[in-house]
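>>> any chance you could fold what I've pasted below:
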Amino acid sequence: MKGELRRRNIAAINHYFNHLFHLMDSGRSYNRVVTGEGYEIEVELKDGRRIHPAIMSGGERALINIALRCAIHQVLAQAVQAMPLILDEPTIYLDRDRINRLQFLLEELGGRLGQVIVVSHEEGLVEGADHEYRTDKGRDNISTVERVR
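Okay, here's the model as predicted:
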């Protein structure tokens, strides 16, 4: 039973993972991402060779991280209602094109993911948000929170 559940979860994670990764990477250099039985990750290049994400650039690893987190969230959210997706500074290491793709991805998935909480210094990410809060640290070193919309 446990083995079958793991296989189904890995298959579902792989499905969502690849879909989301391709949305964000636009198929630049990779065929697909593969998650193994032990949840190890490999990236398949266009020529069929597989590499470990550790040898990829910081931006490419960030894409893998974001796509994997969103994929796992989608699988878990099928069993756990109202589970938020929380992304803390997801744009670090991303170039402008990939930041724009992340913004598109979050807008596309917003309805399906339910509640998404993003902490970011990237102004563009909040454009599609339903609610926006800003924090500011005053001279007394105490932070205040302001609801913008």
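>>> just want the most central residue of the protein.
residue 66 (2.3 Å; C-alpha atoms, centre = their mean).
>>> residues contacting that residue?
For residue 66, the contact set (C-beta atoms under 8 Å, 6 or more residues apart in numbering) comprises 20, 24, 87, 90, 102, 105. In this view, the C-beta of every residue, glycine as well, is placed from N, C-alpha and C.
>>> do you know the pLDDT at it?
Note on residue 66: pLDDT of 90.
>>> rewinding a little: including neighbour count, pLDDT and distance to residue 13, could the contacts of residue 66 go into JSON lines?
Shown next, in JSON lines, are the contacts of residue 66 (neighbours: other C-beta atoms under 10 Å; pLDDT from 0 to 100; distance: C-beta to C-beta, whole Å):
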{"residue": "20", "neighbour count": "23", "pLDDT": "87", "distance to residue 13": "10"}
{"residue": "24", "neighbour count": "21", "pLDDT": "81", "distance to residue 13": "16"}
{"residue": "87", "neighbour count": "19", "pLDDT": "89", "distance to residue 13": "17"}
{"residue": "90", "neighbour count": "23", "pLDDT": "90", "distance to residue 13": "19"}
{"residue": "102", "neighbour count": "25", "pLDDT": "87", "distance to residue 13": "19"}
{"residue": "105", "neighbour count": "19", "pLDDT": "82", "distance to residue 13": "17"}
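>>> run a quick check on residue 126 versus residue 133, I expect a contact.
No - between residue 126 and residue 133 there is no contact under C-beta atoms under 8 Å: 9.3 Å.
>>> ok, back up a step: in helices, which of the contacts of residue 66 fall?
Among the contacts of residue 66, DSSP state H puts 20, 24, 102, 105 in helices.
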